[in-house]
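S.K.: the sequence and its predicted three-dimensional model are supplied below.
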Amino acid sequence: MQYQSTRGGAPLLGFRDVTLAGLASDGGLYVPTSWPRFSREDIEALKGLSYVETAVRVMAPFTAGDLSEDELRALCEQAYGRFSQAAVTPLVQLDHRHFLLELFHGPTLAFKDVALQLLGLLFEKFLTGSSEPLTIVGATSGDTGSAAIDAVAGRHGVDIFMLHPKGRVSDVQRRQMTTVLAPNVHNIAIEGSFDDAQAMVKALFNDRDFTGRFRLSAVNSINWARLMAQVVYYFYAAVRLGAPAQKVAFAVPTGNFGDVFAGYVAARMGLPVERLIVATNVNDILHRALSSGDYSAGTVTPTAAPSMDIQVSSNFERLLSDLAGGSVAEQMAGFESSKAMRLTNAQQEGAAKLFSSDRITPEEMNETMRWAHAEAAQVIDPHSAIGLAAARRAELPADVPVVTLATAHPAKFADAVERATGVRPSLPARVGDLFDRQERYDVLPGTLDAVRDYIAERAKPRT
Ligand SMILES: *Cc1c(COP(=O)(O)O)cnc(C)c1O
């Protein structure tokens, strides 16, 4: 499989190089040059398969050329063996038409583990035999950081520098990052928002001098391998609900547009998806973009669903490029200079075929947590509640089951859950004595220079 940049100015790469590179050298994001297609029979053949076998079938076309099917299977067995449920991503029925797809049974309690446990192993596999150290630089609104750190802590040949917005992640999220004391883990709290942190990471990747000195890689959802791993659970869930004969809709609590873009990929591959419901909180750039074509970044409002407190959704570029049928270099350059752009008519109409969107207020989020608890005996986290609120309000044919992606374990956001429902979810035993462990992190001002200097002093240069 070959991959091309959404901005058309970077070399075509295979899966291994795309995984190690993260961002394309022209500032764009890598996407496959064409989508693999699954026939009805191919989807039919997924019935009854385990999560790992489904993962191998769905991902094999994307990794072809760089991993054999047996190698891919071995990596999936190792990655998903660390999940606490045999189903990896179990489906829970809420009422006659609504389901939750629980994606939080990995080591750090959010859906990011599904992709990052695999990505950590892919890095290790692809770096074997290479003497060039890898420097992972990432920005996190909370969950990517903990999942990525868990996936690479102590691994040979890799250093990870993770930026989080100071004071804007939950205590559990922060501690899951800062209590990992492996010497290759470097946590940085920056004064600013997630968008500020993400912009700094992008700037470092575009800094020729810096990338000449250090071999950078990304664990954010700009890394194609992450999205690839997330395509799997759309197939897994839909097949369990009767695909390919039955169409299924998905509601996705969205921030960086990674998770829901994976659903779009599943649809492009042939999965019968009735609709993808993009659910945002009050940080609603995606809702505005999809409902009126206005993609303009406002300021970030901190909420009880911090992993969605994002105004610039990196992966939206992948959709815009797919809908435009090629490079969006000009459109993105316009956005980067003015922080605003309009979708073209073709992009708006193309998106409307599959996507709808909704903006959920804090009151609606809390009300939905209460509904799930009272009516379906499920304690759900604020992010999942935003997805479910949008799912329950969506207008869809009556015979279509609606799957809400439950993206975090409620205990990760215990205060917000308790405020809404009166129930305080407890941390599962597998996270252990998180609150008794020592923390280690540095606080930096929100300037690119400070972050660049910090990393340059600590990272291992190219050989
Ligand atoms: C990251 C995250 C999201 C948003 O996912 P995107 O892929 O960025 O759209 C939603 N909920 C939780 C709990 C998350 O960690």
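M.R.: Yep, that arrived. Given the structure is predicted, the values throughout are model-derived calculations rather than measurements.
S.K.: pLDDT of the helix or strand containing residue 100, averaged?
M.R.: Residue 100 belongs to strand 98-102 when assigned by DSSP states H and E. Averaging pLDDT along strand 98-102 gives 98.
S.K.: the following helix or strand past that strand - contacts with which helices or strands?
M.R.: Per DSSP H and E, the first helix or strand lying C-terminal to strand 98-102 is helix 112-127. When contacts are defined as 3 or more C-beta pairs under 8 Å, 6 or more residues apart in numbering; DSSP states H and E, helix 112-127 sits against helix 15-21, helix 69-80, strand 134-139, helix 143-152, strand 158-165, helix 224-240. For glycine as for every other residue, the C-beta is placed from the backbone atoms N, C-alpha and C.
S.K.: pLDDT of helix 112-127, averaged?
M.R.: Here the average pLDDT along helix 112-127 is 94.
S.K.: same check, this time on stretch 152-168
M.R.: So the average pLDDT for stretch 152-168 ends up being 93.
S.K.: check contacts around residue 392.
M.R.: Neighbour list for residue 392: 98, 368, 371 [criterion: C-beta atoms under 8 Å, 6 or more residues apart in numbering].
S.K.: do residue 324 as well
M.R.: Residue 324 neighbours (C-beta under 8 Å, 6+ apart): 331, 344, 346-347.
S.K.: next one: phi and psi at it?
M.R.: phi -80, psi -10 (degrees, to the nearest 10).
S.K.: quick check: angle from the helix or strand of the chain with the lowest mean pLDDT to strand 134-139?
M.R.: The weakest-scoring helix or strand in the chain, judged by mean pLDDT, DSSP states H and E, is helix 194-205 (a mean of 90). On the basis of axes from the mean of the first three to the mean of the last three C-alpha atoms, to 10 degrees, helix 194-205 is oriented at 150 degrees to strand 134-139.
S.K.: quick one, what contacts the residue in the stretch 51-200 of the chain that the ligand sits nearest to?
M.R.: With C-beta to the nearest ligand atom as the measure, residue 143 is the residue of the stretch 51-200 of the chain nearest to the ligand, at 3.1 Å. Going by C-beta under 8 Å, 6+ apart, residue 143 touches 108, 110-112, 173, 307, 407-408, 412.
S.K.: so which of those residues wins on neighbours?
M.R.: Within the contacts of residue 143, neighbour counts (other C-beta atoms under 10 Å) peak at residue 112, which reaches 33 neighbours.
S.K.: which ones are touching that one?
M.R.: 106, 143-144, 146-148 are the contacts of residue 112 under C-beta under 8 Å, 6+ apart.
S.K.: what's around the residue lying closest to residue 75 once chain neighbours are set aside, how many residues?
M.R.: Distances taken as C-beta to C-beta, 6 or more residues apart in numbering place residue 121 nearest to residue 75, at 4.8 Å, with adjacent residues excluded. Here the number of neighbours of residue 121 (other C-beta under 10 Å) works out to 18.
S.K.: how about stretch 308-324 as CSV, C-alpha atoms only?
M.R.: Extracted in CSV, the C-alpha atoms of stretch 308-324 (Å, rounded to 0.1, in the frame of the first residue of the first chain):
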residue,chain,number,x,y,z
MET,A,308,-12.8,17.4,23.0
ASP,A,309,-11.7,21.0,24.0
ILE,A,310,-10.3,21.5,20.5
GLN,A,311,-10.9,24.2,17.9
VAL,A,312,-8.5,23.0,15.2
SER,A,313,-9.3,19.4,14.2
SER,A,314,-6.2,18.1,12.4
ASN,A,315,-7.8,15.1,10.7
PHE,A,316,-10.5,17.2,9.1
GLU,A,317,-7.9,17.9,6.4
ARG,A,318,-8.0,14.2,5.5
LEU,A,319,-11.8,14.4,4.9
LEU,A,320,-11.5,17.7,2.9
SER,A,321,-8.8,16.2,0.7
ASP,A,322,-10.8,13.0,0.1
LEU,A,323,-13.9,15.0,-0.8
ALA,A,324,-11.9,17.3,-3.0
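S.K.: would you mind checking the average pLDDT for that stretch?
M.R.: For stretch 308-324, the mean pLDDT works out to 94.
S.K.: could you check how far residue 27 is from residue 211?
M.R.: With distances taken as C-beta to C-beta, to the nearest Å, residue 27 is found 12 Å from residue 211.
S.K.: same deal with residue 267?
M.R.: 34 Å.
S.K.: comparing the two, which residue is more hemmed in?
M.R.: More neighbours surround residue 267 than the other of residue 267 and residue 211, with 21 against 17 (other C-beta under 10 Å).
S.K.: need the pLDDT of the residue lying closest to that one once chain neighbours are set aside.
M.R.: Spatial nearest neighbour of residue 267, excluding adjacent residues (C-beta to C-beta, 6+ apart): residue 273 at 4.1 Å. The confidence metric pLDDT takes the value 98 at residue 273.
S.K.: going forward, count from 618.
M.R.: With the count now opening at 618, the last piece we talked about shows up as residue 890.
S.K.: common neighbours of residue 644 and residue 828, please.
M.R.: Both residue 644 and residue 828 are contacted by residue 822, under the criterion C-beta under 8 Å, 6+ apart.
S.K.: what helix or strand is residue 958 on?
M.R.: Going by DSSP H and E, residue 958 is in strand 957-959.
S.K.: now that strand: mean pLDDT?
M.R.: Strand 957-959 comes out at a mean pLDDT of 95.
S.K.: which residues are in contact with the next helix or strand after it?
M.R.: Per DSSP H and E, strand 957-959 leads on to helix 962-971 as the next helix or strand towards the C-terminus. By C-beta under 8 Å, 6+ apart, the residues outside helix 962-971 that reach it are 881, 884, 890, 892-893, 907, 910, 936-937, 940-941, 960.
S.K.: buried subset of the residues you listed?
M.R.: Neighbour-count burial within these applies to 881, 884, 890, 892-893, 907, 910, 936-937, 940-941, 960; the criterion is 16 or more other C-beta atoms under 10 Å.
S.K.: restricted to helices, list the residues you listed.
M.R.: 881, 884, 907, 936-937, 940-941 (DSSP state H).
S.K.: those residues: which two are farthest apart?
M.R.: 884 and 941 (17.5 Å; C-beta to C-beta).
S.K.: how about the buried ones among the contacts of helix 962-971 in TSV, adding distance to the ligand?
M.R.: What follows is the buried ones among the contacts of helix 962-971, written out as TSV (distance: C-beta to the nearest ligand atom, whole Å):
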residue	distance to the ligand
881	12
884	16
890	17
892	17
893	12
907	13
910	20
936	12
937	15
940	18
941	21
960	18
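S.K.: out of the contacts of residue 1009, the closest to residue 639 would be?
M.R.: After measuring the contacts of residue 1009 against residue 639 - C-beta to C-beta - the closest member comes out as residue 985, at 34.7 Å.
S.K.: residues in the protein within reach of the ligand, list them.
M.R.: The chain comes close to the ligand at residues 727, 729, 760, 838, 870-876, 924-925, 1000, 1024-1025, as judged by C-beta under 6 Å from any ligand atom.
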